[in-house]
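Engineer: Give me coordinates for this.
(one chain, ligands or ions: 1)
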Amino acid sequence: MVGRHFGRIWLDTENPHLLLGRGQFSDVFRGKLNGSMEVAIKRIVQENQPDPRYNQIAAINPDTQSSKRENEALRQLDHPNVIKLLHVEEHNSIKYFALELCAATLYQYCLRQYNGPMPPDAVVLLHISQSGPIPNSKGFAHRNIEPKNILISKSFPTRIILADFGLSKSVSNTSGSYSVSQDRSMNDQLCWLAAELLDNPDDQGFSEKRGSIASDIFSAGCVFYFYLTPGWHPFGSDLDSTQRNIFNGEPVLLNRKSTPRTIPIQEHDWSYDFKES
Ligand SMILES: Nc1ncnc2c1ncn2[C@@H]1O[C@H](COP(=O)(O)OP(=O)(O)OP(=O)(O)O)[C@@H](O)[C@H]1O
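Structural biologist: This next block holds a predicted model:
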């Protein structure tokens with residue numbers, strides 16, 4: 001078997017067929033744990049590693065401690081709708097997380113790139129609703145709820161699983177809020193962040209933001225719409241339009257008379273008073 005062992009983990013980063021996906025700070029591969037168990041291996045280059053891709057992001061957000069956060073968050077969360085962390089290895093400042101191997105992302109399902117087993121619609125929404133508040137109940141905000149971070153289990157009965165806790169951050173006890181920098185939204189094609197986490201798209205520059213757990217709920221609401229339509233974001237069709245329309249409180253697709261599949265969501269469901277939450 002080519003590839004390499006890192007303690008109990010086996011990984012072949014040279015085989016493109018084993019690459020499951022790439023994140024902002026990580027690459028995810030199909031690999032093995034304890035010699036035979038099929039797992040997903042998330043490889044994260046740590047902060048002190050001279051990786052230009054990482055350093056570029058770290059320079060924007062010096063607070064980023066992605067691998068450490070992911071480790072701490074996942075160790076505290078044990079729930080069928082949260083990704084299972086099975087093992088962690090560290091070699092030469094690179095961390096290897098062995099995670100439950102999943103079949104696909106919700107994003108792939110909505111874009112019809114996955115047509116394997118799925119629970120009924122109501123169960124999918126239930127699982128997403130169950131997974132979101134779990135980090136919250138443990139004092140974390142997930143901060144990155146979006147269809148690419150919601151996975152579909154390989155095991156039966158099929159579960160919907162929240163993943164990618166690399167950006168989760170402890171919520172302060174007093175205010176229930178957390179700070180966030182601009183870096184995350186820039187790397188995706190669509191924006192899933194709540195308005196209070198965005199800078200004015202017409203201004204240059206960006207600033208530190210305070211958000212709350214309600215920000216996760218906003219993102220989950222957008223994911224619901226993306227799932228039910230399927231494949232449509234309520235605020236637009238690209239990064240620029242979604243960011244701008246969320247900031248301005250204009251769910252353009254929701255306001256249209258005919259959406260791809262009519263679903264009973266009222267406009268007031270999408271606007272919440274951040275100060276009251
Ligand atoms: N457990 C898993 N099983 C199967 N595929 C996975 C798993 N975890 C991640 N993937 C795939 O790898 C991709 C990247 O995952 P990752 O968690 O690194 O994304 P990310 O949210 O952009 O990461 P980060 O922001 O932490 O760098 C996912 O979109 C998915 O396609």
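Engineer: Lowest mean pLDDT among the helices and strands, pick that one out for the chain.
Structural biologist: When each helix and strand of the chain is scored by mean pLDDT, DSSP states H and E, helix 52-60 comes last, with a mean of 34.
Engineer: And for the helix or strand Tyr109 falls within, what's in contact with it?
Structural biologist: For Tyr109, the host element (DSSP states H and E) is helix 106-110. Residues from elsewhere that reach helix 106-110 (CB atoms under 8 Å, 6 or more residues apart in numbering): 114, 118, 124, 146-148, 150-152, 160, 223, 226-227, 230-231. Glycine gets a C-beta too; all of them are placed from N, C-alpha and C.
Engineer: Could you export it as CSV, CA atoms only?
Structural biologist: Below are the C-alpha coordinates for helix 106-110, written out as CSV (Å, rounded to 0.1, in the frame of the first residue of the first chain):
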residue,chain,number,x,y,z
LEU,A,106,-25.8,18.9,1.3
TYR,A,107,-24.4,21.3,-1.3
GLN,A,108,-23.7,18.3,-3.6
TYR,A,109,-27.1,16.9,-3.0
CYS,A,110,-28.8,20.2,-3.8
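Engineer: and the next element down the chain from it?
Structural biologist: Counting by DSSP H and E, what follows helix 106-110 is helix 121-131.
Engineer: and that following helix, which residues are buried?
Structural biologist: Neighbour-count burial for helix 121-131 flags Val124, Leu125, His127, Ile128, Gln130, Ser131 (criterion: 16 or more other CB atoms under 10 Å).
Engineer: roughly how far apart are the last one and Arg244?
Structural biologist: Think Ser131. 29 Å (CB to CB, to the nearest Å).
Engineer: Assess the claim that Leu18 and Asp27 are in contact.
Structural biologist: No - Leu18 is beyond contact range of Asp27, at 10.3 Å (criterion: CB atoms under 8 Å).
Engineer: re the thing from before, hmm, the helix holding Tyr109 in reach of the ligand?
Structural biologist: No - figure legend: helix 106-110 not in contact with the ligand (CB under 6 Å from any ligand atom); closest approach 7.1 Å.
Engineer: Which residues of this structure lie near the ligand?
Structural biologist: So the chain meets the ligand at 20-26, 28, 40, 42, 66, 83, 99-102, 105, 148-149, 151, 163-164, 166-167 (CB under 6 Å from any ligand atom).
Engineer: Buried members of those residues into ChimeraX, please.
Structural biologist: To isolate the buried subset of those in ChimeraX, counting by 16+ other CB under 10 Å, use the following:
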select :20,23,24,25,26,28,40,42,66,83,99,100,101,102,105,148,149,151,163,164,166,167
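Engineer: after the helix ranked longest in the chain comes which helix or strand?
Structural biologist: Selection of the longest helix in the chain by residue count, based on DSSP state H, yields helix 213-228. Following helix 213-228 in sequence order, the next helix or strand is helix 239-247 (DSSP H and E).
Engineer: which element follows that next one toward the C-terminus?
Structural biologist: helix 252-255.
Engineer: Which parts of that following helix count as buried, going by neighbours?
Structural biologist: Neighbour-count burial for helix 252-255 [16+ other CB under 10 Å]: Val252, Leu253, Leu254.
Engineer: List the pairing partners of the helix or strand harbouring Leu86 within its sheet, with orientation.
Structural biologist: Leu86 is part of strand 85-91, with elements assigned from DSSP H and E. Each strand paired with strand 85-91, and its direction, by DSSP bridges: strand 94-100 (antiparallel).
Engineer: residues in contact with the strand it pairs with?
Structural biologist: In contact with strand 94-100 (CB under 8 Å, 6+ apart) are residues 6, 8-9, 11, 31, 33, 39-46, 49, 67, 70-71, 74, 83-90, 153, 161, 163.
Engineer: Distance check, Ile160 against Val82.
Structural biologist: 11 Å.
Engineer: hey, what's in contact with both of those two?
Structural biologist: Joint contacts of Ile160 and Val82 (CB under 8 Å, 6+ apart) are Ser131.
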